[in-house]
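Chemist: here is the input, now give the coordinates:
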Amino acid sequence: MFEFFDIQIDVMKRTEKSEMAEVDPRIFHGAIGLVTESGELVEIVHDSMFVFQSNIVGAPRNRKAVDRLNVVEEIGDTLWYIALLVDALDITFKQLVDIDRIPPLNNVPKQLVFQFGIQQVHISSCILMDILKCQIYYNRAFDRERFIQNLSDAVVGIGLVAGGIGTTIEVCTLVNKAKLENRYRDEYTDKQANERDLEQERQVIAMTFEKAQKDLLPLVPQGPELSL
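Modeler: Numbers count the residues shown, from 1 in each chain. As a prediction, this is how the structure comes out:
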């Protein structure tokens, strides 16, 4: 049944290139982080729409509401990697974001805004990785213009994700700052990165989010958790 895959492995071995061209490690780090964080956002939508039994693939369970705090945390993590890329590319966030490119969405259901935003972030981050793949394995020149354009698209998408749950990227940035200050008291260490107190971090996220929403968005209704 699986003989076809032996053929595929043979083809792969014949055409694989193992040598890697040099790439800016900060840009590589930022792109990897952005695509993995966007994948976590996709997973949130997937779990809320298509939750499966663990032992029976395709057997549906009841859908669950989106965990708003989890989304806020993931948005903040995504913004951290965007900040890394902005700094590594020596550009500014203001240069990256064109407010006029964000479509008017006042009459669009929040569920659609949320889902579209996540798709935009994930697609754009995958394109960033493809640009780097071509640089690393095909020896193509780094396509800086296309890279920045898709990074801008990712920022627009993450803004839509935030709007879809009734918050902003400013609020999510404050949440991310508080979470990382709690995790890394002075500076980054591998030990603190690997030995996280997730329950305590969740409490920090909840308290910071509640305060930031009240301080920055007094007119935004808090409402129930989003159900897709």
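Chemist: can we go C-alpha only for contacts and neighbour counts from here?
Modeler: Noted.
Chemist: mean confidence score for stretch 215-222?
Modeler: For stretch 215-222, the per-residue pLDDT values average out at 62.
Chemist: dump the residue contacts of the residue nearest to Tyr81 when sequence neighbours are not counted.
Modeler: The spatial neighbour of Tyr81 that comes closest, neighbours along the chain excluded (CA to CA, 6 or more residues apart in numbering), is Gly30 at 4.9 Å. Listed by CA atoms under 8 Å, 6 or more residues apart in numbering, the contact set of Gly30 reads 81-82, 84-85.
Chemist: could I get those residues as a markdown table with secondary structure, distance to Glu3 and pLDDT?
Modeler: As requested, these are exported to a markdown table (DSSP: H, G, I helix; E, B strand; the rest coil; distance: CA to CA, whole Å; pLDDT from 0 to 100):
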| residue | secondary structure | distance to Glu3 | pLDDT |
| --- | --- | --- | --- |
| Tyr81 | helix | 41 | 97 |
| Ile82 | helix | 43 | 97 |
| Leu84 | helix | 44 | 98 |
| Leu85 | helix | 43 | 98 |
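Chemist: before we move on, back to that, mind pulling up the pLDDT for the residue nearest to Tyr81?
Modeler: In this model, Gly30 is scored at 98, pLDDT.
Chemist: also Asn106?
Modeler: pLDDT, Asn106: 65.
Chemist: shift numbering so it begins at 15
Modeler: Okay, residue one is now 15; in that scheme the one you just asked about reads as Asn120.
Chemist: and the lengthiest helix in the chain, what other elements does it pack with?
Modeler: With DSSP state H applied, the helix covering the greatest number of residues in the chain is identified as helix 124-152. Packed against helix 124-152 by the contact rule (3 or more CA pairs under 8 Å, 6 or more residues apart in numbering; DSSP states H and E) you find helix 39-63, helix 158-178.
Chemist: and Arg28, which of those helices is closest to it?
Modeler: Proximity to Arg28 (CA to CA) singles out helix 39-63 among these, at 26.7 Å.
Chemist: now do that closest one against helix 124-152, angle only.
Modeler: Going by axes from the mean of the first three to the mean of the last three CA atoms, to 10 degrees, helix 39-63 is angled at 140 degrees with respect to helix 124-152.
Chemist: what residues are up against the closest residue to Phe161 other than its chain neighbours?
Modeler: Spatial nearest neighbour of Phe161, chain neighbours left out: Leu142 (5.8 Å); criterion: CA to CA, 6+ apart. When the contact criterion is CA under 8 Å, 6+ apart, the partners of Leu142 are 45, 161, 164-165.
Chemist: try Ile219
Modeler: Going by CA under 8 Å, 6+ apart, Ile219 touches 83, 87, 189-190, 192-193.
Chemist: among those, name the buried ones.
Modeler: Buried subset of the contacts of Ile219 (neighbour count, 16 or more other CA atoms under 10 Å): 83, 87, 189-190, 192-193.
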